[in-house]
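> here is the input, now give the coordinates:
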Amino acid sequence: MDSPVLPPELEREMFETAALLDFRTIPSLLRVARRVLEWIEPLLYRVVVIGRSSQKDKAYRRALELKPTVLAKSVQHLFVIDIDLSHWLEDDMNSLLQLCATQLLSLASFSSAFYKPTLLPVLLQAVWLRRWAGRLECLFGGHSAVDLSFPSFPVFHTITHMDIFDHFTDENDEAICAGLASLPCLTHLCLSYSTRLDPIARILIQCPRLRLLVLMDVEDEMINEIAENPPTMDVRFVVSGAGSYSTDWEVGARGGTDFWAAADEFVARKRRGEIEASRFLLDHF
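The predicted model follows:
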């Protein structure tokens, strides 16, 4: 039966709450009634991960072709794991980003084929962007071209959480550190897969607004060594394994406890004296 038996506002709230509590119920909810489809379909595309599931990649491409207006008002969190694996055309990917840029809250990618200087003009439209993950070198076309300053690239001046996958070198760390210090809203920084520890203490000194700096790596031996011999005793410094990064990112995008939330709680407990000051290893993944 398609006729509502509850006030529309209450019925809509109930369906939206159910969809947000468990996004896996959305496909079933879409079939309840046309009005429910109109309410719930935007939630289906609120978090988009490309390059993990061929079935979902095809569905997203089809939505881009047939329902661009739905995507334009729906996508808030976008993770491009790998363009090549997803078989998305670069133009289609750029079109998707252009569509959702104005309401995008978080953007992440491992793919050097995605982050390119050609994306910079599109990202200028991402005025609400709060979380960014990727390689600055790819986005700007080389470390010498990285410019996080305002007004050169104002997008990053709204960023609160940044995950940098660049490898720090003698040639780039000074420029990156200076750029990070210029970001007025940055409170959470993750350096991934970087074997150089020299910049850690400098970043914490130059960025007093930072509440958390996470050093992340996939190798257990390395993270254990760093945790036992940290480059700083700053309470804001945390060492973590990488685990399934993209899965964890999606958990956070959907409101769950990701590594950021876990690390925040870890630091809070250290400040309260519930965790030893000499402990830096986060057991999250």
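> count of neighbours near the residue nearest to Arg269 when sequence neighbours are not counted?
Nearest residue to Arg269, sequence neighbours excluded (CB to CB, 6 or more residues apart in numbering): Ile275, at 4.7 Å. Yep, even glycine has a C-beta here, placed from its N, CA and C like the rest. Residues near Ile275, counting by other CB atoms under 10 Å, number 16.
> now do the one 5 residues further on
Neighbours of Phe280 under the rule other CB under 10 Å: 25.
> what secondary structure does the residue nearest to Arg269 sit in?
Assigned by DSSP: H, G, I helix; E, B strand; the rest coil, the conformation of Ile275 is coil.
> and Trp132, by the same measure?
strand.
> just confirm Asp92 contacts Arg62, I think it does.
No. Using CB atoms under 8 Å, Asp92 is not in contact with Arg62; the gap is 11.1 Å.
> the more surrounded of those two?
Asp92 (16 against 10).
> which residues touch the nearest residue to that one once chain neighbours are set aside?
Leaving aside its sequence neighbours, Asp92 sits nearest to Leu64 (CB to CB, 6+ apart; 6.2 Å). By CB atoms under 8 Å, 6 or more residues apart in numbering, Leu64 lies in contact with 71, 92, 95-96, 99.
> I'd like to know how far Phe140 sits from Lys116.
Between Phe140 and Lys116 the distance is 9 Å, computed by CB to CB, to the nearest Å.
> more crowded one of these two?
Between Phe140 and Lys116, Phe140 has the larger neighbour count (other CB under 10 Å), namely 18 against 15.
> for Val267, see how far away the residue nearest to Arg269 is.
Distance from Ile275 to Val267, by CB to CB: 9 Å.
> now swap in Phe285 and tell me
From Phe285 to Val267 the distance is 17 Å (CB to CB).
> higher neighbour count, the two?
Val267 (20 against 15).
> does the more buried one touch Val214 like I think?
No. If you go by CB under 8 Å, Val267 and Val214 don't touch, sitting 9.9 Å apart.
> need the residues touching each of these two.
Val238.
> can I assume Leu210 sits in a strand?
No. Leu210 is assigned coil when assessed by three-state DSSP, not a strand.
> what number of residues lie near it?
Neighbour tally, Leu210, other CB under 10 Å: 20.
> what sits closest to Gly179 if chain neighbours are left out?
Leu148 (3.4 Å).
> wasn't the one you found part of a strand?
No. Assignment of Leu148 by three-state DSSP gives coil, placing it outside any strand.
> ok, now how distant is it from Lys58?
36 Å.
> the more surrounded of the two?
Of the pair Leu148 and Lys58, Leu148 is the one with more neighbours under other CB under 10 Å, namely 23 against 12.
> phi, psi for the more buried one please.
phi -90, psi 10 (degrees, to the nearest 10).
> show me what contacts it?
136, 156, 179-180, 182-183.
> and these, which two are the farthest apart?
Spanning the widest gap among these are Leu136 and Ser182, at 13.3 Å by CB to CB.
> more neighbours: those two, which one.
Leu136 (24 against 16).
> which residues touch the more buried one?
Here Leu136 is in contact with 143, 146, 148, 164, 166, 176 (criterion: CB under 8 Å, 6+ apart).
> sweet, I'm off.
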